[in-house]
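Student: next input, structure requested:
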Amino acid sequence: MPALRRGPSPGTADAGAETGTAAARQAGRSWRGTLAGLQRLIGDNLLFSAALALSLVPRIIAMLGFRPAVLFRLDTFDYLWDAVHVTPNHVNPSGYALFLVLLRPFHSLTLVAALQHVMGLAIAVMIYAVLRSRNVARWLATLAAVPVLFDPGQILLEHLIMADILGLFLMVAAFTVVLIRRSPSAWRSASAGLLMGVSALVRPTTLPLIVALAVYLLATHAGWRKAGAALLAGALPVAGYMLWFASVYGSFNLTSSAGLFLWSRTMSFANCAVIKPPADLRPLCPTAQPGALAQPVAAKRARPSTYLWDHDAWQWQPPSNDLVPDVAAFTQANNSRALRFAIRAIAAQPLAYATIVAKGTLGPFVHTNSFRFPVPPESAGMGAMNARYAQAAVRDYTDSSATPFLGWHLSASEQHPYAGIMNSYQRVIFLPGPLFGLIAAIGLAGIFIPRRRTGAAALLWISAVIILALPTAEHEYTYRYVIPAVPLVCMAAALAFRRQDADVRPQPGTRQERGPGREPGRPDPEPGSPDPAPGRPGTEPEPA
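Tutor: Take a look at the predicted model:
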């Protein structure tokens, strides 16, 4: 006779029901607690919360007005192509392409742009959080985040299928991890270094900032162990990528383009009568370049990018008919040859080179930016070969045929009235160059005022100068390369006005009570750090 199935006993059923009810009540309390905590957080930071919510408006307009995203020249299509074929790029490190690989299953450029807008908002939140943790007033911390929240150049950077915003997000995240508390642990120092190292694989201008983090930790008496952890963690992803590059191309490097970019920079000032290059380098002189580029007068020469990408120039010979059009010049032999010329040019004319770099670095503090939403699109006017490559990159990544609009303009589809609204917005809202210069001057002054001086402000300000100067020193000035420096300069300036006498807001994990003799506003030391002598000013290490 088959066994009868028995249901749960009444007692078991009652116990299960009570357990389920208790779990439901606990979940309800958890949600209510989370909601109450969020309400308190918004209420305590009402001005910033309002600015953050308002900054959604121009971002939504950009999403509606430029669909699926803004595709920027050939760089966008290089990243899309590399995301499909997963290979290191000769011209730029492929960190952003690997990010696109993660999103490829969704086949959506709109999703990529939306996530990048979220990164922009997260950058503003990190700026505000760091400044509040360092006793900057709420209104001033909010003001420091305003360029990230509302500047059209920043919003455009987020809407491009380009590496810039991801690199900026990772860089600011690295600074946030190390600066959010006064004395970072070894693990937090290593995390900051790792984030900065990954950022360098997206935008290599942040590579020197790995060393800057380590120097900052030493200068603020954090110790060799923490500085070494940041340096080692930052070097790991860079070394790993270089090994991948070497396994594919046989050269232990990030790219095979640095020498060619630097050669194009020297075309702004190089005089071969002064340089006296050997015979094999004379074809690289400005006067040996094709057509209008063969200009003996430095003041009348074209931009460095024109020399680099002119397919009639020496580096593009013999011409290539490959589907990927802008790779043929970036061989190890060409890169090495260009680097040899560039080093000779800089050594022979150091003052001319320094003048060019100084002008490019100071330019954004004088001239207002021109990095705006493209009307008409930036990429209109590609040649037939480039158009074929661009369409293939979009088609392979999105897993669908490129729309007729993409095939013609190779950029975003403009949707009106939203595109027109964004165009009007960027005519009114922007960061004037002189105002940016004033903010930078305030941050610099704050570094030297004894009562205002902090290691954090110095780290941020110096880092901003590094990422401003490097692109100009290696290639040329464009405001797109300036935008990552803006939040760092604003944070450094805000720290110059931090309150000195107010209590420091308690950090998570610190004791709320003060021990005997502890000064008001002095946070408890982290585990393992020495406790300063009670009541004695000047015994605490310089604020980070």
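Student: list the buried ones in stretch 436-455?
Tutor: 436-437, 439-440, 442-444, 446-447, 454-455 (16 or more other Cβ atoms under 10 Å). To be clear about C-beta, it is placed using only N, CA and C from the backbone, and glycine gets the same treatment.
Student: cool, and stretch 58-71?
Tutor: For stretch 58-71, a neighbour-count test (16+ other Cβ under 10 Å) marks 58-59, 61-63, 65-71 as buried.
Student: same question for stretch 356-367.
Tutor: 356-357, 360-365.
Student: that one: how far from the chain's middle?
Tutor: Relative to the chain's own centre, stretch 356-367 is displaced by 20 Å; criterion: Cα atoms, centre = their mean, to the nearest Å.
Student: mean confidence score for that stretch?
Tutor: Averaged over stretch 356-367, pLDDT sits at 90.
Student: endpoint to endpoint, that stretch covers what distance?
Tutor: End-to-end span of stretch 356-367 (Cα to Cα, to the nearest Å): 16 Å.
Student: for the helix or strand hosting Gly240, name the packing helices and strands.
Tutor: Here Gly240 sits within helix 224-249, counting by DSSP states H and E. On a contact count with 3 or more Cβ pairs under 8 Å, 6 or more residues apart in numbering; DSSP states H and E, helix 224-249 meets helix 186-202, helix 207-219.
Student: so which of those helices is the most surrounded?
Tutor: The highest mean neighbour count among these, using mean count of other Cβ atoms under 10 Å, belongs to helix 186-202: a mean of 25.
Student: which residues of this protein score low on pLDDT?
Tutor: 1-30, 33-34, 37-38, 375-384, 401-412, 452, 500-544 (pLDDT under 70).
Student: tell me which element the residue most central in space within it is part of?
Tutor: A centroid search over the chain (Cα atoms, centre = their mean) returns Leu168, at 1.5 Å, as the residue closest to the centre. Taking DSSP H and E as the criterion, Leu168 maps to helix 164-179.
Student: helices and strands around that helix, which ones?
Tutor: Short answer (3+ Cβ pairs under 8 Å, 6+ apart): helix 164-179 packs on helix 95-103, helix 109-133, helix 152-159, helix 186-202, helix 207-219, helix 455-474, helix 485-495.
Student: what about Val125, neighbour count?
Tutor: By other Cβ atoms under 10 Å, 17 other residues sit near Val125.
Student: contacts only, for it.
Tutor: Applying Cβ atoms under 8 Å, 6 or more residues apart in numbering to Val125 gives the contacts 52, 145.
Student: one more: Leu209?
Tutor: 171, 174, 196, 199-200, 463, 466-467.
Student: could you do Phe365 as well?
Tutor: 433-434, 436-437, 440.
Student: let's see it at 7 Å
Tutor: Contacts here follow Cβ atoms under 7 Å, 6 or more residues apart in numbering; on that basis Phe365 touches 433, 436-437, 440.
Student: same thing with Cys285?
Tutor: Contacts for Cys285 (Cβ under 7 Å, 6+ apart) come out as 270, 272, 277.
Student: in helices only, show me those residues.
Tutor: Cys272 (DSSP state H).
Student: and the contacts of Cys285, which is closest to Ala288?
Tutor: Taking Cβ to Cβ as the measure, Ala288 lies nearest Cys272 of these, at 8.2 Å.
Student: so that closest one versus Gln289, what's the distance?
Tutor: Noted for Cys272: a distance of 11 Å to Gln289, by Cβ to Cβ, to the nearest Å.
Student: just Gly65 next, same as before
Tutor: Computed as Cβ to Cβ, the Gly65 to Gln289 distance reads 40 Å.
Student: switch the buried residues of stretch 356-367 over to JSON lines; also include secondary structure and distance to Asn253.
Tutor: Compiled in JSON lines, the buried residues of stretch 356-367 are given as follows (DSSP: H, G, I helix; E, B strand; the rest coil; distance: Cβ to Cβ, whole Å):
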{"residue": "Ile356", "secondary structure": "helix", "distance to Asn253": "25"}
{"residue": "Val357", "secondary structure": "helix", "distance to Asn253": "23"}
{"residue": "Gly360", "secondary structure": "helix", "distance to Asn253": "25"}
{"residue": "Thr361", "secondary structure": "helix", "distance to Asn253": "26"}
{"residue": "Leu362", "secondary structure": "helix", "distance to Asn253": "31"}
{"residue": "Gly363", "secondary structure": "helix", "distance to Asn253": "30"}
{"residue": "Pro364", "secondary structure": "helix", "distance to Asn253": "30"}
{"residue": "Phe365", "secondary structure": "helix", "distance to Asn253": "33"}
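Student: could I get the residues you listed as JSON lines with distance to Val486?
Tutor: As requested, these are exported to JSON lines (distance: Cβ to Cβ, whole Å):
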{"residue": "Ile356", "distance to Val486": "23"}
{"residue": "Val357", "distance to Val486": "20"}
{"residue": "Gly360", "distance to Val486": "16"}
{"residue": "Thr361", "distance to Val486": "14"}
{"residue": "Leu362", "distance to Val486": "15"}
{"residue": "Gly363", "distance to Val486": "14"}
{"residue": "Pro364", "distance to Val486": "9"}
{"residue": "Phe365", "distance to Val486": "11"}
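Student: and Gly223, how many neighbours?
Tutor: For Gly223, using other Cβ under 10 Å, the count is 16.
Student: so what's the residue lying closest to it once chain neighbours are set aside up against?
Tutor: Closest residue to Gly223 apart from its sequence neighbours, by Cβ to Cβ, 6 or more residues apart in numbering: Leu217 at 7.3 Å. Contacts of Leu217 were listed using Cβ under 7 Å, 6+ apart, and they are 189, 226-227, 230.
Student: hey, C-alpha coordinates of the helix holding Leu168 in PDB?
Tutor: Only the C-alpha atoms of helix 164-179 are listed here, as PDB (Å, rounded to 0.1, in the frame of the first residue of the first chain):
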ATOM      1  CA  ASP A 164      37.700  60.300 -20.300                       C
ATOM      2  CA  ILE A 165      34.800  60.100 -17.800                       C
ATOM      3  CA  LEU A 166      35.700  56.500 -16.600                       C
ATOM      4  CA  GLY A 167      39.300  57.700 -16.100                       C
ATOM      5  CA  LEU A 168      38.100  60.700 -14.100                       C
ATOM      6  CA  PHE A 169      35.700  58.600 -12.000                       C
ATOM      7  CA  LEU A 170      38.500  56.200 -11.100                       C
ATOM      8  CA  MET A 171      40.900  59.000 -10.300                       C
ATOM      9  CA  VAL A 172      38.400  60.800  -8.000                       C
ATOM     10  CA  ALA A 173      37.500  57.500  -6.400                       C
ATOM     11  CA  ALA A 174      41.200  56.900  -5.600                       C
ATOM     12  CA  PHE A 175      41.500  60.400  -4.000                       C
ATOM     13  CA  THR A 176      38.300  59.800  -2.100                       C
ATOM     14  CA  VAL A 177      39.400  56.500  -0.600                       C
ATOM     15  CA  VAL A 178      42.700  58.000   0.700                       C
ATOM     16  CA  LEU A 179      41.300  61.400   1.800                       C
END
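Student: any idea how far Val489 is from Pro432?
Tutor: For Pro432, the distance to Val489 - Cβ to Cβ - is 14 Å.
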